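> One predicted model, sequence on top.
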Amino acid sequence: MQKIFGKGFLLEKIPLFLNKTKAKFLHFLSEKPWVGFFVLLCFLFLIIFTGHTLRAPEETLETPSLQPKPVTLFSNESPLLLTLPAQVKKDSVLQITALAPGIVSRVFVTPGQKVLAGQTLFSLTNDYGSGAASIEKNIAQNNAELAEEVSDLDKKIQSLEEVRIKKDDTLNKSNEAVSLERLQKEREIRRYTLVNSRLNLALALKNDAVFQPKSSLSGTVTSLLVRPGQFVNAGQALATFSANTDTLTLEVSLSPETAWLLDPNQKALLSLPEGDQELSLVYLSKEENSTGLYTAIFSVPNTKTSALVDNRYVDIRIPLKSKVASATLLPLESIYQDTDSAWVMTLKDGVARAQEVTLGTIYGNYIEITSGLNTESSVILTRGLIEGEAVIAQ
């Protein structure tokens, strides 16, 4: 038994078996080459598949965790800023204009001359130098002085008359009262006469000042636009004047609705290369102009005047009131709308929820929400959300 299945027996029989198998296989291939080819091909694929299966690591599938989507919120505390074009107005370059029609009689300055505030620059006349206006002013001044002197004398006389009446024993009480009332009447007449004479003098001085154009600020005369003897109309420019100031304003035209919504207590913003500059409202017209618009003027700090060019237009963001009566203003970008309804997405318990709303009037890039939204709601401005999607404020 050991001889049959011993080591020498196996070494002898195995090569014989392999040789016979090889001979049979080659004989099979010689008779059926195509079948043999496909058998070898299948065997090769089997080896490749087995090797890949043995070497490939086991894949572990992990369920990805859903992260909340960052969103931008808008609440009742968010500032409402409406972007509008504004015209740059540099007040350092002014024009001196005629306040009344007349003839230039004298010019008191020359180009390049420095002048003080209130200094007379021109003298105009309306009577070719006859001096009638000056005479009228002198007459009014004389009448005022005379009225003052007469009033002082009348006061002294009236005091003496009152003493005499009270000491006159021939007058009974009723006659004494009548005399005193008469004196009181005369005193009131003299008082009104004195007041009117002062008003006539003031009027004469103002009429004379109309023909004496003055500089409103200190500065330098840059050019003269008229010459002596020339007739000018009211409003015609007489000279250009450079004031010693860099005062600069931005002028904005507003529709009646926007003017009503403008919040005067908040700052407007001007975008400059170094960042946003706050602007203060200094004027808001109370009536519409000829184009049906209102005018708002914002002041610019003196340190920023060099960055702006006179009469050019720049964009500024003006502040609006967050509520209009009982309605709330929202940015247009927050509104979703179809043919039947409108809604906004709000943040509630960490997810986006659709809230149906009623729309009102549009103001620029904002719109009224008349119902459907309470003041505590946080409206989502980020688009492309799905109802119930997890979100987080950024």
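Ah, there it is. Numbers count the residues shown, from 1 in each chain.

> pLDDT below threshold where in the stretch 101-250 of the chain?
Scanning the stretch 101-250 of the chain for pLDDT under 70 picks out 127-209, 216, 244-247.

> how about a cut-off of 80?
Counting by pLDDT under 80, the stretch 101-250 of the chain has low-confidence residues at 117-118, 126-211, 215-218, 241-248.

> same deal with the stretch 251-394 of the chain?
Looking at the stretch 251-394 of the chain by pLDDT under 80, you get 265, 273, 282, 286, 301-310, 321-327, 363-364, 375-376, 394.

> quick one: which helix or strand includes residue 259?
Residue 259 belongs to helix 256-261 when elements are defined using DSSP states H and E.

> Check which residues of that helix are buried.
258-259, 261 (16 or more other Cβ atoms under 10 Å). C-beta here means a position set from N, CA and C on the backbone, and glycine is covered the same way.

> repeat for stretch 99-107
102-104, 107.

> do the same with stretch 336-356
Across stretch 336-356, burial judged by 16+ other Cβ under 10 Å covers 343-347, 351-353, 355.

> could I get those as a markdown table with secondary structure and distance to residue 88?
A markdown table is the format used below for those (DSSP: H, G, I helix; E, B strand; the rest coil; distance: Cβ to Cβ, whole Å):
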| residue | secondary structure | distance to residue 88 |
| --- | --- | --- |
| 343 | strand | 42 |
| 344 | strand | 38 |
| 345 | strand | 40 |
| 346 | strand | 41 |
| 347 | strand | 41 |
| 351 | strand | 48 |
| 352 | strand | 43 |
| 353 | strand | 46 |
| 355 | strand | 43 |
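
> And the protein, what are its domain boundaries?
Listed domain ranges for the chain are 1-33, 73-78+323-393, 80-92+246-320, 94-232 (source: automatic domain parsing).

> tell me the mean pLDDT over the shortest one?
It stands for domain 1-33. Over the span of domain 1-33, the pLDDT mean works out to 64.

> Kindly reformat the buried residues of helix 256-261 as TSV containing distance to residue 286.
Formatted as TSV, the buried residues of helix 256-261 follow (distance: Cβ to Cβ, whole Å):
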residue	distance to residue 286
258	15
259	9
261	15
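
> that older thread, tell me the one among the buried residues of stretch 336-356 nearest to residue 50.
Nearest to residue 50 among the buried residues of stretch 336-356 is residue 351, at 51.0 Å by Cβ to Cβ.

> I'd assumed residue 391 was in contact with the closest one.
Yes. Proximity of residue 351 to residue 391 meets the contact threshold set by Cβ atoms under 8 Å, at 6.5 Å.

> Next, work out how far apart residue 126 and residue 239 are.
According to Cβ to Cβ, to the nearest Å, residue 126 and residue 239 sit 20 Å apart.

> Please say which of the two ends up with more neighbours.
residue 239 (22 against 16; other Cβ atoms under 10 Å).

> residue contacts, the more buried one?
Residues counted as contacts of residue 239 (Cβ atoms under 8 Å, 6 or more residues apart in numbering) are 95-96, 109, 121-122, 221-226.

> contacting residues for the closest residue to residue 333 other than its chain neighbours?
Nearest residue to residue 333, sequence neighbours excluded (Cβ to Cβ, 6 or more residues apart in numbering): residue 381, at 5.9 Å. Contact analysis of residue 381 by Cβ under 8 Å, 6+ apart lists 71-74, 331, 333-334.

> do residue 251 as well
Applying Cβ under 8 Å, 6+ apart, the residues near residue 251 are 86-87, 89, 295-297.

> could you redo the last one with a cut-off of 7 Å?
86-87, 89, 295, 297 (Cβ atoms under 7 Å, 6 or more residues apart in numbering).

> Buried only: go through those residues for me.
For those, buried by 16+ other Cβ under 10 Å: 86, 89, 297.
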